[in-house]
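Participant: quick check, what structure comes out for this input:
(one chain, ligands or ions: 2)
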Amino acid sequence: MSCICLPGPWECEYSYGGEADLHRHYTRCTKNPGHKNFIPVDKFCIEDLPEDYRDKVVINYIRAVSDLTVRVKVEYVSDKRPETVPGIRKSYPGYSFRGQRRATVGTGGVFSIKFSNEEEGQTCKCKVCRISSTPETNFAIITIHTATHVVFDDLEGEHTTCHLFFDRGGTPDACSGVVALTGMSRVLNEVIKDICLIEYHTHNLDLAHRLEKTIMEIHELMLHSYNQTPNMTKLKHCRSIQDRQPLLFMVSHPHGCSKQVSLGRWTSADVSNRLILSFQYSTSTCPGSSGARICVFPELSTKGVNLSTYTLFLPSLRAHCGASFMQLGESFGRVYEGQYAFLYL
Ligand SMILES: [Zn+2]
Ligand SMILES: [Zn+2]
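Facilitator: Numbering: from 1, shown residues only. Ligands and ions are numbered 1, 2, ... in the order given. From the prediction side, this is the model:
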């Protein structure tokens, strides 16, 4: 069950030539020409699932995760990027491009929604309110989760746009219903864990309520999946060893193009220190998938579920980090130790 998970090759996509450039990268992809095992999210259906996972709960879960998935586009490279990964003699992505206006494209997801509470006397910190003498008191904070190697710090956060609902079509502008989040209020990042949280203050309360409803739906589907676990475990006994591993899916924006679903299994894991677990999986990824939420079904961890405060958030922070050096066709991500009950299925 142990393997050595060195970070990289990282899976951001890069562009100097705008959206057309991203499309060229997609059609000329060398990692997975034709993008086998990627399913456009608007065409994803129950038959795409492995036979014993063909259940409405699973399909609804994947669709809800998809609705929270965002494309992350960063149009500046911070001069604060380190030369090497802390603690490892390995180059850190973007170091040679510091200070340049190169676009980096990855994936992220809505992590939490918080509505303002008048009693706390907080005011909105969106780009309009920051320079206003009467900032809004009725607002929401949307927090996006991605990887630190996608958005490194506040400076990169200021140049970041997160596109929600980019589900079809060539570019976000050509896809109806896309919502762009810009003007972040702050970035919280942990380089070692490769976890980044970006906060957006917004007056678009309809959007915030819509996203909150989706997070609640995910919580309900997860609770439902716990009840299903005995049946699924029974099914697992009938299958080959490889197929007994839990389903691991991802919704990402390969090459910065519209959203796609990929399905696979977790394959191995490595506890690199007391806090971080690296693990590998067979799920297809491409440049642009970095930062995507890694989802396991059934999701067994309840850590982080907290419905009693104003903040509603998803229970785990697992971001896709890159392809594996050790095993061709495998990818890896990281998770806090304590959230990997699924490994013992
Ligand atoms: Zn590709
Ligand atoms: Zn505001």
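Participant: going by C-alpha atoms from here, please, whenever you check contacts or count neighbours.
Facilitator: OK.
Participant: give me the element Met216 is part of.
Facilitator: Following DSSP states H and E, one finds Met216 within helix 205-237.
Participant: and after that helix, which helix or strand comes next?
Facilitator: Using DSSP H and E, the next helix or strand after helix 205-237 towards the C-terminus is strand 247-252.
Participant: looking at the residue nearest the centre of the chain now. What's its pLDDT?
Facilitator: Nearest to the geometric centre of the chain sits Ala292, at 2.6 Å (Cα atoms, centre = their mean). If you check Ala292, the pLDDT there is 92.
Participant: verify the contact between it and Phe111 for me.
Facilitator: No. Under the criterion of Cα atoms under 8 Å, Ala292 is not in contact with Phe111, lying 11.5 Å apart.
Participant: can you name the residues of the stretch 1-150 of the chain that neighbour ligand 1?
Facilitator: The stretch 1-150 of the chain has residues Cys29 near ligand 1, with proximity defined as Cα under 5 Å from the ion.
Participant: distance of Tyr200 from ligand 1?
Facilitator: Distance of Tyr200 to ligand 1, given as Cα to the ion, to the nearest Å: 30 Å.
Participant: repeat that for Asp153.
Facilitator: As judged by Cα to the ion, Asp153 and ligand 1 stand 27 Å apart.
Participant: which residue is the nearest non-sequential neighbour of that residue?
Facilitator: Leaving aside its chain neighbours, Asp153 sits nearest to Val187 (6.1 Å; criterion: Cα to Cα, 6 or more residues apart in numbering).
Participant: tally of neighbours for that neighbour?
Facilitator: Look at Val187: counted by other Cα atoms under 10 Å, it has 22 neighbours.
Participant: contacting residues around it?
Facilitator: Asp153, Asp154, Gly157, Cys196, Leu197, Ile198, Glu199 (Cα atoms under 8 Å, 6 or more residues apart in numbering).
Participant: if I look at the fourth one, how far off is Arg293?
Facilitator: Cys196 sits 12 Å away from Arg293 when distances are taken as Cα to Cα, to the nearest Å.
Participant: which neighbours do those two have in common?
Facilitator: Both Cys196 and Arg293 are contacted by Thr146, under the criterion Cα under 8 Å, 6+ apart.
Participant: more neighbours: the two, which one.
Facilitator: Arg293 (30 against 25).
Participant: that one against Met250, yeah?
Facilitator: Yes. Assessed by Cα under 8 Å, Arg293 is found in contact with Met250 at 6.4 Å.
Participant: for the stretch 1-150 of the chain, what lies in contact range of ligand 2?
Facilitator: Cys124, Cys126, Cys129.
Participant: tell me the secondary structure for the closest residue to the first one other than its chain neighbours?
Facilitator: Distances taken as Cα to Cα, 6+ apart place Glu136 nearest to Cys124, at 5.3 Å, with adjacent residues excluded. For Glu136, the reduced secondary structure class is coil; criterion used: DSSP: H, G, I helix; E, B strand; the rest coil.
Participant: please renumber so the chain begins at 831
Facilitator: Understood, numbering begins at 831; the last thing we discussed is Glu966.
Participant: touching, Glu966 and Cys956? I think so.
Facilitator: No. In this structure Glu966 lies outside contact range of Cys956 using Cα under 8 Å: 9.1 Å.
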